[in-house]
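**Student:** I'd like to go over a predicted model; first the sequence, then the structure.
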Amino acid sequence: MKIFSSHQIYQADKSTIQKEQITSDALMERAATQLFEWMHARLRGTQVNIKLFCGIGNNGGDGLVLARKLHEHGYSIHVFVVNYSDKRSEDFLLNLERLKDGKVWPDFINNDSGLPNISESDIVVDAIFGIGLNRVPDDWVGNLIAHINASNAFTLSVDVPSGLPVDRSPWEPSYVIRSSYVLSFQLPKLIFFLPETGAYANQWELLDIGLDAEFIAKTETDFELIGRPEILPKYRPRSKFSHKGTYGHAVIIGGSYGKIGAVQLACNACLSVGCGLVTAVVPKCGYHSLQTAVPEAMVLTGSRDKIISRIEIPFSPTAVGIGVGMGKDEDTVQALAVYLKGSGAPMVIDADALNILSENRDLLKDIPEMSILTPHPKELERLIGPWTSDFEMLDKAKSFADRYNLVVVIKGAHTITLYNGKGYVNTTGNPGMATAGSGDVLTGMVAGLLAQGYPPAEAAIFGVYLHGLAGDIGASKNGYEALKASIIVDNIGSAYSELFRKPEAEQKENPR
Ligand SMILES: NC(=O)C1=CN([C@@H]2O[C@H](COP(=O)(O)OP(=O)(O)OC[C@H]3O[C@@H](n4cnc5c(N)ncnc54)[C@H](OP(=O)(O)O)[C@@H]3O)[C@@H](O)[C@H]2O)[C@H](O)CC1
Ligand SMILES: [K+]
């Protein structure tokens, strides 16, 4: 699903109005009807106090329409107009009149009004600012927002949490509504997925307001949300007349004394994702444990016992995953430097290999093009330097990826894969996956997909999704706390099955 910028949402609005030959207030009515139906389906007439805080733009207009409908259905409402500007939108004014026609008289809050009473048992509707926010709210508006937050009332935000801009980080975090639930129109907003801003919109849902589907389909966006519909077409089915050679020979390079388990996890993940053959390249100390723990894998060792000091592979691997548990010994740095220079094929680079690159920046130019780097935020910071906001982080990471022609996978609650100027935001995964070895599993999976012929960006996007799905299935059986990296590996097969599971209704109609 595409993630639009605010500018693109306004364009979609315009296009819908033109194509359907409707007025903008009809679109507002449609949007607010969806809001009303959502609330009505849950409240079913419950007599709770609903306090609606409406700005003077179209977000406020949505709030006014919602207020009218709630009133018409007998709900107990109190409307406050947050009067932060004289430039009221036409549709706001129109709906203010309609509300008054229905004998609802809003209270106007200005910069010298006191703060209204809000009880914890009230429901607050937050329609102060929408996607039109373009500067820091005035202090009195910010204080009202902080007051709403402090009330602990259930706060339902219309479109976005008020005070949260959609295309940048907030100017003043305390002037942003902390929504209990966001009902956002039609398209997801990037702010829902970034660590800095996602907390304001912990729970959200999209309401389909029938924006021009053709316009949405043809518009190119900087970000895309990756769910099952985006993943399924990327899957490469296995053919009946195939053999293990068809699915590639991956090499996992890594490990050091005490960190051989990382290679074991990566090898198991690589095999479980469907790779034909896997060879591990480890220091001598890893030989026996790997041969025992992963009998399906072959093992090559160098001359040193505890570290990798030379990488010599007597065949051409189809894909390489490098860095897990590898350490940063000087000899290992040298081995990596030589190996990068000699290898032209894209590889998956993780963990200590990333740290070595950050500390030896002259090696960056030797990374084979289209390689996949999988940093967590700390590793990313070492690579691209610090940032002051998530948006700056994304810009810097994109420039880095473009400069070296790489795929950069920024690991997090919503892992974002950057490639060719675009970001792909993952939707699977859970907090239980923040556990030792989870990253090693991802490295093995992506290398395994690369080995099977998935193009690098697809291997990354598909691998990240499947890794999260395996983690979700693992968590559903074990809970978050007990989820270990090896459980993620154990559930890769179930994750594949889940991808192709028919929804129950469909199964009944067509059991086969
Ligand atoms: N397609 C859809 O998704 C639809 C969305 N709808 C709703 O419309 C809003 C967007 O409405 P808009 O009127 O463009 O913007 P806002 O309501 O968010 O803001 C109103 C104006 O406030 C001004 N502004 C911005 N920042 C500040 C500030 N810090 N302090 C004071 N005033 C501010 C700004 O105007 P300026 O000219 O002063 O810059 C805004 O325009 C969307 O979120 C949905 O809720 C439609 O109802 C249906 C279709
Ligand atoms: K809002």
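**Tutor:** Yes, it's here. Ligands and ions are numbered 1, 2, ... in the order given.
**Student:** For the residue in the stretch 51-200 of the chain that ligand 2 sits nearest to, which non-adjacent residue is spatially closest?
**Tutor:** Using CB to the ion, the single residue of the stretch 51-200 of the chain nearest to ligand 2 is Ser162, 4.1 Å away. For the C-beta atoms, the positions are set from N, CA and C on the backbone; glycine is no exception. In space, and not counting its chain neighbours, Ser162 is closest to Ile128: 3.8 Å by CB to CB, 6 or more residues apart in numbering.
**Student:** go on, Leu115?
**Tutor:** Closest residue in space to Leu115, ignoring its immediate chain neighbours: His147 at 4.7 Å, by CB to CB, 6+ apart.
**Student:** ok, now Lys422?
**Tutor:** Counting by CB to CB, 6+ apart, Lys422 lies nearest to Asp222, which is 6.1 Å off, once chain neighbours are set aside.
**Student:** Neighbours of the one you found, how many?
**Tutor:** Residues lying near Asp222 (other CB atoms under 10 Å) number 16.
**Student:** how about it, phi and psi?
**Tutor:** Dihedral pair for Asp222: phi -80, psi -20, per degrees, to the nearest 10.
**Student:** I'd like the average pLDDT over the helix or strand where Asp402 lies.
**Tutor:** Under the criterion of DSSP states H and E, Asp402 resides in helix 390-404. For helix 390-404, the mean pLDDT works out to 97.
**Student:** Which neighbouring elements make contact with the following helix or strand past that helix?
**Tutor:** Using DSSP H and E, the helix or strand that follows helix 390-404 towards the C-terminus is strand 407-410. Here strand 407-410 touches strand 372-373, helix 377-384, helix 390-404, strand 416-419, helix 456-478, going by 3 or more CB pairs under 8 Å, 6 or more residues apart in numbering; DSSP states H and E.
**Student:** to the chain's geometric centre, what's the distance from strand 407-410?
**Tutor:** Taking CA atoms, centre = their mean, to the nearest Å, one finds strand 407-410 lying 12 Å from the centre of the chain it belongs to.
**Student:** What lies in contact with it?
**Tutor:** The contact list for strand 407-410 (CB atoms under 8 Å, 6 or more residues apart in numbering) reads 370-377, 380, 393, 397, 400-401, 415-419, 442, 446, 456-457, 460, 464.
**Student:** Could you look up the SS state of whichever residue of the stretch 401-512 of the chain sits closest to ligand 1?
**Tutor:** Scanning the stretch 401-512 of the chain for proximity to ligand 1 using CB to the nearest ligand atom identifies Val425 as nearest, at 19.3 Å. Per DSSP: H, G, I helix; E, B strand; the rest coil, the secondary structure class of Val425 is strand.
**Student:** how close does it sit to Thr221?
**Tutor:** 11 Å (CB to CB, to the nearest Å).
**Student:** who's more crowded, these two?
**Tutor:** Neighbour count, other CB under 10 Å: between Val425 and Thr221, Val425 has more, with 23 against 17.
**Student:** mind exporting stretch 133-153 as PDB, just the C-alpha atoms?
**Tutor:** Taking Å, rounded to 0.1, in the frame of the first residue of the first chain, the C-alpha atoms of stretch 133-153 are listed here in PDB:
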ATOM      1  CA  LEU A 133      -0.400  21.600  10.100                       C
ATOM      2  CA  ASN A 134       2.600  23.500   8.900                       C
ATOM      3  CA  ARG A 135       4.200  25.200  11.900                       C
ATOM      4  CA  VAL A 136       4.400  24.800  15.700                       C
ATOM      5  CA  PRO A 137       1.000  25.400  17.400                       C
ATOM      6  CA  ASP A 138       0.700  28.600  19.400                       C
ATOM      7  CA  ASP A 139       1.500  28.100  23.100                       C
ATOM      8  CA  TRP A 140      -2.100  28.300  24.200                       C
ATOM      9  CA  VAL A 141      -3.100  25.600  21.600                       C
ATOM     10  CA  GLY A 142      -0.100  23.500  22.700                       C
ATOM     11  CA  ASN A 143      -1.200  23.900  26.300                       C
ATOM     12  CA  LEU A 144      -4.700  22.700  25.400                       C
ATOM     13  CA  ILE A 145      -3.200  19.700  23.700                       C
ATOM     14  CA  ALA A 146      -1.000  18.900  26.800                       C
ATOM     15  CA  HIS A 147      -4.200  19.400  28.900                       C
ATOM     16  CA  ILE A 148      -6.000  16.800  26.800                       C
ATOM     17  CA  ASN A 149      -3.100  14.400  27.100                       C
ATOM     18  CA  ALA A 150      -3.000  14.900  30.900                       C
ATOM     19  CA  SER A 151      -6.700  14.100  31.200                       C
ATOM     20  CA  ASN A 152      -6.000  10.400  30.400                       C
ATOM     21  CA  ALA A 153      -9.400  10.400  28.600                       C
END
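**Student:** pLDDT (mean, whole number) over that stretch?
**Tutor:** Regarding stretch 133-153, the rounded mean pLDDT is 98.
**Student:** anything in it near ligand 2?
**Tutor:** No: counting by CB under 5 Å from the ion, ligand 2 has no neighbours in stretch 133-153; the shortest distance is 8.7 Å.
**Student:** is any part of that stretch close to ligand 1?
**Tutor:** Yes: on the criterion CB under 6 Å from any ligand atom, stretch 133-153 is in touch with ligand 1 at 133-138.
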